[in-house]
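>>> Curious how this folds, go ahead:
(chains A and B)
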2 protein chains.
Amino acid sequence: MPYELHYWPMIQGRGEFVRLALEEAGADYIDVTRQDDEDGGIGPMLDRLSDPGNPRPPLAPPFLRDGDTVIGQSAAILLYLGPRLGLVGASERDRIWTHQLQLTIADAVDEAHDTHHPLGVGLYYANQKPEALRRAAEFRTERIPKFFGYFERVLAGNGGGRLVGADLSYADLSLFQLVDGLRYAFPKATAAALRPNANVARLHETVARRPRIAAYLASDRRIPFNEDGIFRRYPELDP
Amino acid sequence: MPYELHYWPMIQGRGEFVRLALEEAGADYIDVTRQDDEDGGIGPMLDRLSDPGNPRPPLAPPFLRDGDTVIGQSAAILLYLGPRLGLVGASERDRIWTHQLQLTIADAVDEAHDTHHPLGVGLYYANQKPEALRRAAEFRTERIPKFFGYFERVLAGNGGGRLVGADLSYADLSLFQLVDGLRYAFPKATAAALRPNANVARLHETVARRPRIAAYLASDRRIPFNEDGIFRRYPELDP
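As a prediction, this is how the structure comes out:
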């Protein structure tokens, strides 16, 4: 039975970290809301979110359905999928470390989101633009370099090519996505921050060239970045 | 060998979720930075953070040391400690679900922090107070009720007393801490939000009465809430 991914159909968002893992593994999965037939759209997703028959409901998308197991929180989904897709080491030590890295990537993703919504999600960006300018300035000058410097240190400490051990893990895919999103949203600041962190830049390139990822990125399964997602290109935030 | 918890010594912060698990389990642990002798203070913690001999460094406190294993990210620490302390079920299904809940609690904690630092951590609260007023309003009226309503639904679906199964889990302890912090920071809004969510209110009370937790809360090991931590009482944010 294929995995079912449930997420908003018009954005990469937090669902993308799960999509990349499923795509890299060549897993059989359905991106439910993006199906063209009557099983698609957000209706079935919203029905599952509020399903009174599920005593273990996720709070929000993305969530994964695997038979009668429903899992929310992208990092928890990857914790579940990692061993099944061969995208994490076998030892507990490797699994916890990979997960720790994933949570740190998730922190960076949250902060990227907050640059355009510092006052919360209840207001449009246009209504919190002066605040976004201030928040984005700190993110560009302090936070992107801090996160990249950290991942550079981890990569360098592991031989340069992978975050954990010798094999690709879901954390490598997620770091690719973080860098890819930041390159879209903050092209100038990200280019500058990648320069002293060559292993981070190289990981982004090598993941993009992996056959299944390259095919995915070139397909219409990959939703283009846009200004409804987490990573938004507002030129005034990256002057 | 005792566990070592490394965290900022003057705040509960994200370290508190780990402390509560260690305390409930009666685990042998050292709260390293709070030791009075030369092994205490933040020096050893900062040394470990930048230790070039550790190829798997955490980005930031809190982190746990267990022999030669060092783990950062409070949710990852609890993922590691849960089975060792008897604070999570034995099945993979229970463990992933408990972790999913923990990550949702962590999201709420992040949002609580952002109420007083919407423009980022580089500015003092006093320098982002108008923005904090706006962000806190949404948090009080939309987000606290949403999170409490979600956990109420989960508790009710599980018989009312625990988040997962019949036994106490680290997620129950963390939900206690979330409620406790919100009661401190937003006493009026939190009291109002607890009223329709009786199981959440009851869980907070029953956890506080557990013998080891009650002893801990009454001890000087429990750092009082204060205006340097995540949960801060600024009366203007809870009018």
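
>>> When you work out contacts or count neighbours from here on, use the C-alpha atoms and nothing else.
Fine.

>>> Indicate whether the least confident helix or strand in chain A by mean pLDDT makes contact with chain B.
Among the helices and strands of chain A, helix A:43-49 carries the lowest confidence by mean pLDDT, DSSP states H and E, at a mean of 93. No - Helix A:43-49 lies apart from chain B when judged by Cα under 8 Å from any Cα of the partner chain; the minimum separation is 10.9 Å.

>>> what comes up buried for that helix?
A:45, A:48-49 (16 or more other Cα atoms under 10 Å in any protein chain shown).

>>> who touches that helix?
The set of residues external to helix A:43-49 that reach it, using Cα atoms under 8 Å, 6 or more residues apart in numbering or on different chains, is A:6-7, A:32-33, A:57-60.

>>> That one: how far from the chain's middle?
Computed by Cα atoms, centre = their mean, to the nearest Å, the separation of helix A:43-49 from the middle of its chain amounts to 22 Å.

>>> which is the next helix or strand following that helix?
strand A:63-66 (DSSP states H and E).

>>> What average pLDDT does that next one get?
What strand A:63-66 shows for mean pLDDT is 98.

>>> Work out the sheet partners of it and label each with its direction, please.
Applying DSSP bridges to the sheet, strand A:63-66 is found paired with strand A:3-6 (antiparallel), strand A:69-72 (antiparallel).

>>> Which one of these lies nearest to A:Arg84?
strand A:3-6 (11.3 Å; Cα to Cα).

>>> what element comes up after the closest one heading to the C-terminus?
Past strand A:3-6, the next helix or strand by DSSP H and E is helix A:15-24.

>>> Alpha carbons of that next one, in CSV - could you do that?
Extracted C-alpha coordinates of helix A:15-24, given in CSV (Å, rounded to 0.1, in the frame of the first residue of the first chain):
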residue,chain,number,x,y,z
GLY,A,15,5.8,18.8,3.4
GLU,A,16,8.8,19.2,1.1
PHE,A,17,11.2,17.6,3.6
VAL,A,18,9.0,14.5,3.5
ARG,A,19,8.6,14.6,-0.3
LEU,A,20,12.4,14.7,-0.8
ALA,A,21,12.9,11.6,1.4
LEU,A,22,10.1,9.7,-0.5
GLU,A,23,11.5,10.7,-3.9
GLU,A,24,15.1,9.9,-3.1
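
>>> For chain B, see how far away the most centrally placed residue in chain A is.
Nearest residue to the geometric centre of chain A (Cα atoms, centre = their mean): A:Phe17, 3.6 Å. Distance of A:Phe17 to chain B, computed by Cα to the nearest Cα, to the nearest Å: 16 Å.

>>> and what of A:Ala201?
On the measure of Cα to the nearest Cα, A:Ala201 and chain B end up 19 Å apart.

>>> which residues touch that residue?
A:194-195.

>>> What would the strand or helix carrying it look like as CSV? C-alpha coordinates only.
Assessed by DSSP H and E, A:Ala201 sits inside helix A:198-209. In CSV, the C-alpha atoms belonging to helix A:198-209 read as follows (Å, rounded to 0.1, in the frame of the first residue of the first chain):
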residue,chain,number,x,y,z
ALA,A,198,32.1,25.3,1.0
ASN,A,199,31.0,21.9,2.3
VAL,A,200,27.4,23.2,2.8
ALA,A,201,27.5,24.6,-0.8
ARG,A,202,28.8,21.3,-2.1
LEU,A,203,26.2,19.2,-0.3
HIS,A,204,23.5,21.4,-1.9
GLU,A,205,25.0,20.7,-5.4
THR,A,206,25.6,17.0,-4.9
VAL,A,207,22.1,16.3,-3.6
ALA,A,208,20.6,18.3,-6.5
ARG,A,209,22.5,16.0,-8.9
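
>>> For the longest helix seen in chain A, buried residues please.
As assigned by DSSP state H, the longest helix anywhere in chain A is helix A:92-116. By neighbour count on 16+ other Cα under 10 Å, the buried set for helix A:92-116 is A:95-109, A:111-116.

>>> before we move on, the earlier item: same list, the buried residues of helix A:43-49, but as CSV with distance to A:Asp39 please.
Below are the buried residues of helix A:43-49 laid out as CSV (distance: Cα to Cα, whole Å):
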residue, distance to A:Asp39
A:Met45, 10
A:Arg48, 13
A:Leu49, 15
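
>>> Identify, from these, the entry nearest to B:Tyr125.
Nearest to B:Tyr125 among the buried residues of helix A:43-49, with distances taken as Cα to Cα, is A:Leu49, at 36.4 Å.

>>> Return the residues of chain A in contact with chain B.
Near chain B, when you scan chain A using Cα under 8 Å from any Cα, you find A:55-57, A:59, A:69, A:71-73, A:76, A:79-80, A:93, A:96-97, A:99-100, A:103-104, A:118-120, A:122, A:131-132, A:134-135, A:138, A:150, A:154, A:157-158.

>>> redo that, cut-off 7 Å
A:55-56, A:59, A:72-73, A:76, A:96, A:99-100, A:103, A:118-120, A:131, A:134-135, A:150, A:154, A:157-158 (Cα under 7 Å from any Cα of the partner chain).

>>> What subset of those is buried?
A:56, A:59, A:72-73, A:76, A:96, A:99-100, A:103, A:118-120, A:131, A:134-135, A:150, A:154, A:157-158.

>>> which helices and strands does the longest helix of chain A pack with?
helix A:74-85, helix A:129-138, helix A:170-185, helix B:74-85 (3 or more Cα pairs under 7 Å, 6 or more residues apart in numbering or on different chains; DSSP states H and E).

>>> Figure out which of these is closest to B:Asn197.
The nearest among these, by Cα to Cα, is helix B:74-85 at 24.8 Å.

>>> Break chain A down into its structural domains.
Using automatic domain parsing, the domain parsing of chain A gives A:3-85, A:92-210.

>>> In TSV, list those domains along with distance to B:Gly40.
TSV is the format used below for those (distance: least, Cα to Cα, whole Å):
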stretch	distance to B:Gly40
domain A:3-85	33
domain A:92-210	25
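
>>> So for B:Ala166, which of those domains sits nearest?
domain A:3-85 (13.9 Å).

>>> Now restrict the contacts of helix A:43-49 to buried residues only.
Buried by 16+ other Cα under 10 Å: A:6-7, A:32-33, A:57-59, out of those.

>>> Kindly reformat those as CSV containing pLDDT and distance to B:Pro2.
Shown next, in CSV, are the buried ones among the contacts of helix A:43-49 (pLDDT from 0 to 100; distance: Cα to Cα, whole Å):
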residue, pLDDT, distance to B:Pro2
A:His6, 98, 43
A:Tyr7, 98, 43
A:Val32, 96, 47
A:Thr33, 96, 49
A:Pro57, 97, 37
A:Pro58, 97, 36
A:Leu59, 97, 36
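
>>> out of the buried residues of helix A:43-49, which one sits closest to A:Arg202?
Distance to A:Arg202, by Cα to Cα, is smallest for A:Met45 among these, at 36.7 Å.

>>> Run a quick neighbour tally on A:Ser174.
A:Ser174: 24 surrounding residues under other Cα atoms under 10 Å in any protein chain shown.

>>> which ones are touching it?
Counting by Cα atoms under 7 Å, 6 or more residues apart in numbering or on different chains, A:Ser174 touches A:Phe17.

>>> Check what pLDDT it gets.
So A:Ser174 comes in at 99 (pLDDT).

>>> roughly how far apart are it and A:Val88?
Going from A:Ser174 to A:Val88 by Cα to Cα, to the nearest Å gives 13 Å.

>>> got it, and A:Glu142?
Per Cα to Cα, A:Glu142 is found 30 Å from A:Val88.

>>> Pick out whichever of those two has more residues nearby.
A count of neighbours by other Cα under 10 Å puts A:Val88 above the other of A:Glu142 and A:Val88, at 26 against 12.
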